[in-house]
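Peer 1: Have a look at this fold, sequence not included:
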C-alpha cells in the first residue's frame, strides 16, 4: 500500500475499493493481478485482526504465518520460480500440486485459497466481520472469474481451495489452533515470589497471564520454541545500587519526562490488540507499503508475506518461551512498590510477564527478514495508523524502525531496557532462521 | 484449552486484589424479589432485524395519558414500533394494552426518549431510527403527531441509537444531542466509518421565544456513540455532554466529554484537563452519586469488564480536573461474565440504570446483557445483572436470587414503578423475542418517596435539577437527566428508597441553580414538587 493510499480517509478507501469492483475488467481487458487480489484480502484481514476478540498479538502472528504460507504455496512453482517450503517449515508436507500441463489462473487460485483460509482463521469474528467477509468473498469471486473460461475457473479455484485446506490441516497440530477466553487460561496458579509477574490490570479476565503455553507451540522455521531463548534478565533486586533498580529508575524517569516526540513514538508503536492490527499486523502493513511502493511482482509479494508471517509468528513463540521461563515483574508493579506509588505508565501494561519485550523480538525478526528481501538501507514510510490519526513516520532502514519500536516500550513505561535490547537480539536470532529458508529456484 | 465452568465460577468469586481492605464482611442487603409477568402483561413486540439492528432496542417509559402510570414505547427494529398503555392497578399485576393509532407505529426504530420539547405539559418523543429521526409532538391521550417540519427538526439519514436533552442556561427550547453509529452504506468496510453526532440547538430569534431548532451542528469528531448524557459532573451549573463510544468501529477514537457553554461551540475536554484516554465498547451510561459526596459516579457498559468511574479529585467551586478512576473492580461491579447458566465467556452489556430496588437507601445497578448476535468468544447465555449495593458501597450480584436472570438476548430496559406500589419494577427488551417484564414483590423492602418535578414555563420537567434527600447520616442526590442508558429513557416520578424512615426531608436544586427549601413529607407517598411551593401529595386514580 502506498502511503498516499493507506493514509486516505476510510470513505475514500471504500470508494477506491468500490471503484475497483465497479470497473471489473473483462477477460479481454486488464484483469486484477494476483498480487492485488492478495493485497485486497490482506486489507480485510488486517481489519479482522483488529476486530476479532481473541486476536491477541501471538494469535495474530500465527494467522499471518499461515496466510502467508498459504498464498506462497498456492503460486509456488516453475512459473514463479518459487521453491515449496515443504520440508523446510516444521511438519509441512503432503501439499497438493498442480496438474501438469493444465492452465491455472493465479488470481483465481489465490482468491480461493484466501477465501478458505480467512474464513477458517477468523471463524470467531463477530457479525460485522462475517458480514464484511461475505461481501468481500462475493465481490472478489465475481471480479477474478469474470470472463474466464469455466474449466480454468474450476481448476484454479479447486487448487486454491485444496491448498488452503491442506495448510489449515497442518495448522491444527501446532498447539495454537484453539484459543478460548481470549487467551486467558481458566485454570492457572500465579507463581509467587520476589520479582515474579503479578497482574497489572483491573480487568477481571486479566488476573492471569495471556497464553502462558504459547511458547510450547510448534514453531515454523525455528527448530524449537526455545531455539532462541535468552539468558536471564538482570537479577531481581530492590537494592538501589542494583542493575535492576537502576533500570526501573530509568523507566520511571523517562516516563515522567516524556517529550512530545517520545510520546508520539510510544503511541505510534502501541499497537494495542482490538484497537489496531496488533504489532505483527503493523509489520505486515509495512510489508505491503514497501511492496506497493516497489510495484513488486507476484513472486516477491508472496515471498515477503510468507517470510514476514513466519518471522513474527516464530518471534512470538520464542519470546513467550522466554517470558514464561523467567516470569518477570512489570515496571508498573515494581516502581509502585519500591519508589513511586502514584507512578503510571503512558501505555496500557500488557497482561503477561515482562522479559523480553514482545514488540522488540518480533520487530527485530521482521526487520531482519525485510532487510534480507529489500536491502539493509531501504527507506520507507509507515502510515499504518494514519486512519487512527497518527501521522506517518519515515525510516532509513527496517532496523531503524525496529529499534524505535523496541524503544517505544521504554517510553510507554511497560518494559525495562534489558527486555528491549535483548528482545531485539532475540529477534535477530529468529529472523536468521527465516532468512535461511530457500524460496527461489 | 479445556473448559472449566466450575473453576470459572470460582474465579468470579476471587477477591479483587485492590479491594481486599474493602471486602470485610458487610451485612447482606435485602434480597429483592421479582415475579416474571411477561406472559400476562400484554407486551408483544420483539426487537427484530439482523445486522443493522445489532445495537439499539431501547425502551422508553413515560406517562402518555396523564394517569401517573408509566406507559411504554417498544421498538420493533425492522418491524413497526408499538406504544403500550399501562393498565395496571396500584399494587396489582403489571398489565398493558396496545395504544393503537398513536402515531408512533414506525419501522426502523432503534430507540426513543421522552421529552417535553414545547413545554406544553404533554410529553413529546424523539424517535431514533435507521434513517430519518423523528420528533413526535404529544397531543395527549397517547397520541402523537410528527413535528419535524413544525419544529425544524432535521432528522437526517443515519444510524441513530443514542440521545440526550438539556435546556441550556437562558434557553426556553431544549438542546437535543443525537448520537450516530456507523455508515450503514459502508457494510463491506464498516470499520472507521462512524458518522457525525448532531447537536440540535434552539433557533434564536431576537425578542421571540424559541419554537424551532436550528440546523443540526455536527459534533466533530464523532466515534460511533451508543450513549449520550448531559450531566453536571462538576456541579458547575453547566452540564457537559458525555459520550460513550463503541471502539469496535472507530479509528482514532476514545470516550468523550464536551464542554457545553451556552452560546458557544461545543469543545472537547482534553487530557490537559484530566480527561483520560479511555477506549471501550461503550454502550450505555448510568449515573448516580454513590458515595454521597455530591458528585455523580458513572457506570459505563461495555464488553467483558464494565467501568464504574469516580472523580479522582473533588472539584472546588465547580472547578477541578475531569479525571476519573475506574473502581468497578474494587466495588465488585465489573459484571464481566455470566454469574449463572454455565457459560464462562465474557459478557456483552447494553442498557444500564441505577435504581434502589429494595428501598434500603442505596442505589442498585441493573445491566441488560446479550450477545451482539453470534460472537463465539462472548457469552451466548448471558444473564442480566442485578447488582445490589451493600452498606460498604460494594455490589453483590443478586440477579438469580431476585428472579431476573434471563438468558434472552437483551438490549434495552427501564426500571420504574409500573404499578405505583413504591417498588421499582423492570422491563427488558430482547432481540428477536418478546420483551420481559417483572413485578417487584420484595416483601421486606424499605419505605420510599417518589417525587415529580414540575416548573412553570419552559423545561416543565425541570431537567437539570438535583433532588436531595436526607437519609441516615448522609444526603442522597439524584440529577434529573434525559439521556444515557441504551437507546431509551424515562420521564416521570423520581424514586428514592429510604429504608425505615417514616418521614423524608428533601429539597430540589432547580435548573437555574436556585435551591428550594428543605421540606418534610411522609414516606411511602407520591408528590409533585414545584418551585417555591410545598410538595403536593398525589394519589393514583386506580
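Peer 2: Received it, and whenever you're ready, just let me know what you need. These figures come from a predicted structure and were not determined experimentally.

Peer 1: what residues does the stretch 101-250 of chain A put near chain B?
Peer 2: Applying CB under 8 Å from any CB of the partner chain, we find that the stretch 101-250 of chain A lies next to chain B at A:123-124, A:126-128, A:130-132, A:135-136, A:139, A:178-182, A:185-187, A:198-199, A:202-205, A:207. The C-beta positions use only the backbone N, C-alpha and C, and glycine is treated the same way.

Peer 1: ok, now how distant is the residue in chain B positioned nearest to chain A from residue A:389?
Peer 2: Of all residues in chain B, residue B:252 sits closest to chain A, at 3.4 Å by CB to the nearest CB. Distance, residue B:252 to residue A:389, using CB to CB, to the nearest Å: 3 Å.

Peer 1: Neighbour count for those two, which is higher?
Peer 2: Between residue B:252 and residue A:389, counted using other CB atoms under 10 Å in any protein chain shown, residue B:252 has the larger neighbour count: 16 against 11.

Peer 1: What is the three-state secondary structure of that one?
Peer 2: With DSSP: H, G, I helix; E, B strand; the rest coil as the basis, residue B:252 sits in coil.

Peer 1: One more: residue A:36?
Peer 2: Strictly by three-state DSSP, residue A:36 counts as helix.

Peer 1: where in chain B is pLDDT low?
Peer 2: B:1-24 (pLDDT under 70).

Peer 1: how does it look with 80?
Peer 2: B:1-25, B:187-188 (pLDDT under 80).

Peer 1: coming back round to it: quick one, which of the residues of the stretch 101-250 of chain A next to chain B are buried?
Peer 2: A:124, A:126, A:128, A:130-132, A:136, A:139, A:179-182, A:185-186, A:198-199, A:202-205, A:207 (16 or more other CB atoms under 10 Å in any protein chain shown).

Peer 1: how about the nearest residue to residue B:369, chain neighbours excluded?
Peer 2: residue B:382 (4.1 Å; CB to CB, 6 or more residues apart in numbering or on different chains).

Peer 1: ok, now residue B:218?
Peer 2: In space, residue B:218 is closest to residue B:196, 3.8 Å off (CB to CB, 6+ apart).

Peer 1: ok so, going back, mind listing what the residue nearest to residue B:369 touches?
Peer 2: Residues near residue B:382 by CB atoms under 8 Å, 6 or more residues apart in numbering or on different chains: B:338, B:343, B:347, B:348, B:369, B:370, B:371, B:407, B:409, B:410.

Peer 1: same question, residue A:112
Peer 2: By CB under 8 Å, 6+ apart, the neighbours of residue A:112 are A:156, A:157, A:158, A:159, A:160, A:161, A:164.

Peer 1: Quick check: it is in a helix.
Peer 2: Yes: assessed by three-state DSSP, residue A:112 belongs to a helix.

Peer 1: count of neighbours near the closest residue to it other than its chain neighbours?
Peer 2: Nearest residue to residue A:112, sequence neighbours excluded (CB to CB, 6+ apart): residue A:160, at 3.0 Å. Using other CB under 10 Å, residue A:160 has 29 neighbouring residues.

Peer 1: Could I get the buried residue list for the helix or strand harbouring residue A:160?
Peer 2: Element membership for residue A:160, per DSSP states H and E: helix A:150-171. Judged by neighbour count (16+ other CB under 10 Å), helix A:150-171 contains these buried residues: A:152-153, A:155-168, A:170-171.

Peer 1: before we move on, back to that, quick one, what contacts the residue of chain B closest to chain A?
Peer 2: By CB under 8 Å, 6+ apart, residue B:252 lies in contact with A:387, A:388, A:389, A:390, B:221, B:223.

Peer 1: ok, of these, which come out buried?
Peer 2: For the contacts of residue B:252, buried by 16+ other CB under 10 Å: A:387, A:390, B:221, B:223.

Peer 1: Which two among the residues you listed are spaced furthest apart?
Peer 2: A:390 and B:223 (15.3 Å; CB to CB).

Peer 1: And what about residue B:368, helix, strand or coil?
Peer 2: Strictly by three-state DSSP, residue B:368 counts as strand.

Peer 1: so it sits right up against residue B:335, yeah?
Peer 2: No: look at residue B:368 against residue B:335 with CB atoms under 8 Å: they stay out of range, at 10.9 Å.

Peer 1: Overlap of the contact sets of these two?
Peer 2: residue B:349.

Peer 1: between the two, which one's more packed in?
Peer 2: Legend: neighbour count by other CB under 10 Å for residue B:368 and residue B:335, higher for residue B:368 (32 against 28).

Peer 1: Quick one: residues contacting the more buried one.
Peer 2: Residue B:368 sits next to B:284, B:349-352, B:384, B:410-413, B:428-429, B:486 when contact means CB under 8 Å, 6+ apart.

Peer 1: do that again at 7 Å, thanks
Peer 2: B:350, B:351, B:384, B:410, B:411, B:412, B:413, B:428 (CB atoms under 7 Å, 6 or more residues apart in numbering or on different chains).

Peer 1: so where's the longest helix in chain A?
Peer 2: With secondary structure taken from DSSP state H, chain A has its longest helix at helix A:298-326.

Peer 1: Next SSE downstream of that helix?
Peer 2: helix A:331-338.

Peer 1: Mind giving me the packing neighbours of that following helix?
Peer 2: Secondary-structure packing of helix A:331-338 (3 or more CB pairs under 7 Å, 6 or more residues apart in numbering or on different chains; DSSP states H and E): helix A:243-256.

Peer 1: Pull the residues that contact whichever helix or strand comes after the helix it packs on.
Peer 2: Toward the C-terminal end, the helix or strand that comes next after helix A:243-256 (DSSP H and E) is helix A:260-268. Outside helix A:260-268, the residues that touch it by CB under 7 Å, 6+ apart are A:346, A:347, A:385, A:390, A:393, A:404, A:408, A:411, A:412.

Peer 1: Mind putting those residues into TSV with distance to chain B, secondary structure and pLDDT?
Peer 2: Below are the contacts of helix A:260-268 laid out as TSV (distance: CB to the nearest CB, whole Å; DSSP: H, G, I helix; E, B strand; the rest coil; pLDDT from 0 to 100):
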residue	distance to chain B	secondary structure	pLDDT
A:346	9	coil	96
A:347	10	coil	96
A:385	8	coil	97
A:390	8	coil	96
A:393	16	strand	98
A:404	21	helix	98
A:408	16	helix	98
A:411	15	helix	98
A:412	12	coil	98
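
Peer 1: Looking at those residues, spot the one nearest residue B:247.
Peer 2: Among those, residue A:385 lies closest to residue B:247 (CB to CB), at 14.7 Å.

Peer 1: Confirm residue B:437 sits in a strand?
Peer 2: Yes: using three-state DSSP, the assignment for residue B:437 is a strand.

Peer 1: got the contact list for it?
Peer 2: B:37, B:38, B:41, B:43, B:94, B:426, B:427.

Peer 1: Try it again at 10 Å.
Peer 2: Residues near residue B:437 by CB atoms under 10 Å, 6 or more residues apart in numbering or on different chains: B:34-43, B:72, B:94-96, B:414, B:418, B:425-428.

Peer 1: Go through the residues of the stretch 101-250 of chain A next to chain B and flag which are in strands.
Peer 2: Assigned to strands by DSSP state E, none of these qualify.

Peer 1: What sits closest to the most centrally placed residue in chain B if chain neighbours are left out?
Peer 2: Central residue of chain B (CA atoms, centre = their mean): residue B:485, 3.2 Å from the mean position. Once flanking residues are discounted, residue B:485 sits nearest to residue B:351: 4.9 Å by CB to CB, 6+ apart.

Peer 1: so the one you found touches residue B:435, yeah?
Peer 2: No: contact criterion CB atoms under 10 Å: residue B:351 and residue B:435 do not qualify, at 12.0 Å.

Peer 1: In terms of neighbours, single out the busier of the two.
Peer 2: Using other CB under 10 Å, the more surrounded residue of residue B:351 and residue B:435 is residue B:351, with 34 against 27.
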